[in-house]
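Visitor: Just to be clear, the model below is a prediction. Sequence and coordinates:
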Amino acid sequence: MKVTVVGAGNVGATCANVLAHRDFLQEVVLLDIKEGTAEGKSLDSWQQAPIDYYSTKVTGITNDYSKTADSDVVVITSGLPRKPGMSRDDLISTNANIVKSVTESIAQYSPHAVIIVVSNPLDVMTYCAYLAAKKDSKKVFGMAGILDTARYRAFLADEIGCSPKDIQAILMGGHGDTMVPLPRYTTVSGIPVTELITPDKLTAIIQRTKVGGGEIVNLLGTSAWYAPGAAAAQMVEAILKDEKRIFPCCAWLTGEYGFKDIYLGVPVVLGKNGIEKIIELQLNQEEKTLLNESALHVKEVMDVLDQMKRVNA
Ligand SMILES: NC(=O)c1ccc[n+]([C@@H]2O[C@H](COP(=O)([O-])OP(=O)(O)OC[C@H]3O[C@@H](n4cnc5c(N)ncnc54)[C@H](O)[C@@H]3O)[C@@H](O)[C@H]2O)c1
Ligand SMILES: O=C(O)C[C@H](O)C(=O)O
């Protein structure tokens, strides 16, 4: 089993480090375009191994894709993060070029790899990787829903005064302010969340979740990495261990939920073949309306990418 993480910045290095801590792989390859970055972080991670008691070695590489050959899973985190005042969509032109060229190199050396995209704007960068990889959409998908759901669960745990471990939730839609947390599908150890929290508090938490990425950008001047890196690692583990975990992921829809030819966050089953199933929940009218709004926004930004491709063709 071989895993490559492209981009040894905050998210990529965290993802590789979390995978090393899980200790089920021999090696994680970490690649960056900037000389020394992946090598330095890999060395640091290896020096943590005797302390934290793991044997997975992270190998750092500068841009030599031959060393990533025959990866089973590749996580793409290369690209600019946003700064305060920016939206994720503002990153489209820079990151589309990066994601396209990285995906082409990955496809050349690891034609059978499952590709997990993390770079923003997430839904559209996943589409960009899908176009560049020219492979089954079940093997090209994006990480966002696990992170967004984790934020929602963490905020609920704070409010209810319980462990975040006991909160189960699902969230759908694009990775942006139009994402759709689903209180009807949120429980606390089996108890409907609405029995433990007032409607006003729940509405406030949903709103905070939607702008959860921006909250961190405003605090740090760059975007989050601990939870995003761990979320991507959780997807890698589910695939390589064929766990059949159910997670919200950014998946290519071919009619599910009434949408076609769009990447959007939906619940899926993750296993050794990538996305093994898209789960279709019964949404009520309000939920459908919110999901439609979110899909419309994602489609608009996908159209910008298609337009950029026509101009550059
Ligand atoms: N999907 C999500 O939920 C989510 C969460 C957090 C961050 N992100 C996104 O992930 C991306 C990375 O964020 P970060 O905080 O790690 O940024 P970062 O700046 O810390 O790291 C990005 C790394 O990519 C590298 N890079 C740039 N071009 C490259 C190329 N062509 N090939 C290889 N490496 C290249 C850079 O040298 C840098 O080390 C951003 O686009 C950010 O918006 C997404
Ligand atoms: O908010 C960002 O720009 C990064 C990421 O998408 C996040 O949600 O943390």
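Guide: Arrived safely. Ligands and ions are numbered 1, 2, ... in the order given.

Visitor: Give me the phi and psi angles of the residue in the stretch 1-150 of the chain positioned nearest to ligand 2.
Guide: When distances are taken as C-beta to the nearest ligand atom, the stretch 1-150 of the chain reaches nearest to ligand 2 at R82, 4.3 Å away. C-betas here are computed from N, CA, C, even on glycine. Main-chain torsions, R82, degrees, to the nearest 10: phi -80, psi 160.

Visitor: Strands along this structure, start to end?
Guide: Here the chain has its strands, by DSSP state E, at 3-6, 27-32, 57-62, 73-76, 114-117, 140-142, 167-168, 171-172, 180-181, 187-188, 191-192, 245-254, 260-271, 274-278.

Visitor: residue contacts, the residue nearest to P121 when sequence neighbours are not counted?
Guide: Nearest residue to P121, sequence neighbours excluded (C-beta to C-beta, 6 or more residues apart in numbering): R88, at 4.3 Å. Residues in contact with R88 (C-beta atoms under 8 Å, 6 or more residues apart in numbering) are 82, 120-122, 175-176, 213.

Visitor: What is the neighbour count of the closest residue to T103 other than its chain neighbours?
Guide: Spatial nearest neighbour of T103, chain neighbours left out: A132 (3.8 Å); criterion: C-beta to C-beta, 6+ apart. By other C-beta atoms under 10 Å, 20 other residues sit near A132.

Visitor: just A49 next, same as before
Guide: So A49, with other C-beta under 10 Å, has 16 neighbours.

Visitor: Could you do D44 as well?
Guide: Neighbour tally, D44, other C-beta under 10 Å: 13.

Visitor: Report pLDDT for it.
Guide: The model reports D44 with a pLDDT of 98.

Visitor: Now rank the contacts of R88 by neighbours and give me the top one.
Guide: The contacts of R88, ranked by neighbours (other C-beta under 10 Å): first place H175, 30 neighbours.

Visitor: Next up, the contacts around it.
Guide: 88, 120-123, 142, 144-145, 148, 250, 265.

Visitor: From what I see, H297 and V180 are in contact.
Guide: No: counting by C-beta atoms under 8 Å, H297 sits too far from V180 to count as a contact (11.3 Å).

Visitor: Looking at the two, which one has more neighbours?
Guide: Shown here are H297 and V180; by other C-beta under 10 Å, V180 has more neighbours (26 against 18).

Visitor: what is the more buried one paired to in the beta sheet?
Guide: M172 (DSSP bridges).

Visitor: tell me the contacts of the residue of the chain found nearest ligand 2?
Guide: Closest to ligand 2 within the chain is G213: 2.3 Å, counting by C-beta to the nearest ligand atom. Listed by C-beta under 8 Å, 6+ apart, the contact set of G213 reads 88, 223-224.

Visitor: if we go to 10 Å?
Guide: 81-82, 87-88, 120, 122, 144, 147-148, 151, 175-177, 179, 223-224, 227-228 (C-beta atoms under 10 Å, 6 or more residues apart in numbering).

Visitor: so the residue nearest to T103 touches L305, yeah?
Guide: No: between A132 and L305 there is no contact under C-beta atoms under 10 Å: 11.3 Å.

Visitor: any common contacting residues for these two?
Guide: With C-beta under 10 Å, 6+ apart, A132 and L305 have common neighbours 96, 100.

Visitor: Residues of the chain that sit close to ligand 2?
Guide: Residues of the chain lying close to ligand 2 by C-beta under 6 Å from any ligand atom are 81-82, 88, 120, 147, 175, 213-214, 216-217, 223-224, 228.

Visitor: change it to 5 Å
Guide: By the rule C-beta under 5 Å from any ligand atom, the part of the chain lying against ligand 2 is 82, 88, 213, 223-224.

Visitor: Spatially nearest residue to the residue of the stretch 1-150 of the chain found nearest ligand 1, not counting backbone neighbours?
Guide: For the stretch 1-150 of the chain and ligand 1, the shortest gap (C-beta to the nearest ligand atom) falls at G9, measuring 1.6 Å. Leaving aside its chain neighbours, G9 sits nearest to T77 (6.6 Å; criterion: C-beta to C-beta, 6+ apart).

Visitor: Same question for A96.
Guide: Here the residue nearest A96, using C-beta to C-beta, 6+ apart, is C128, at 5.2 Å.

Visitor: Now for that neighbour, how many residues are close by?
Guide: C128, neighbours per other C-beta under 10 Å, totals 28.

Visitor: can you pull out the helices in the stretch 201-313 of the chain?
Guide: 212-220, 226-240, 285-312 (DSSP state H, counting those that start in this stretch).
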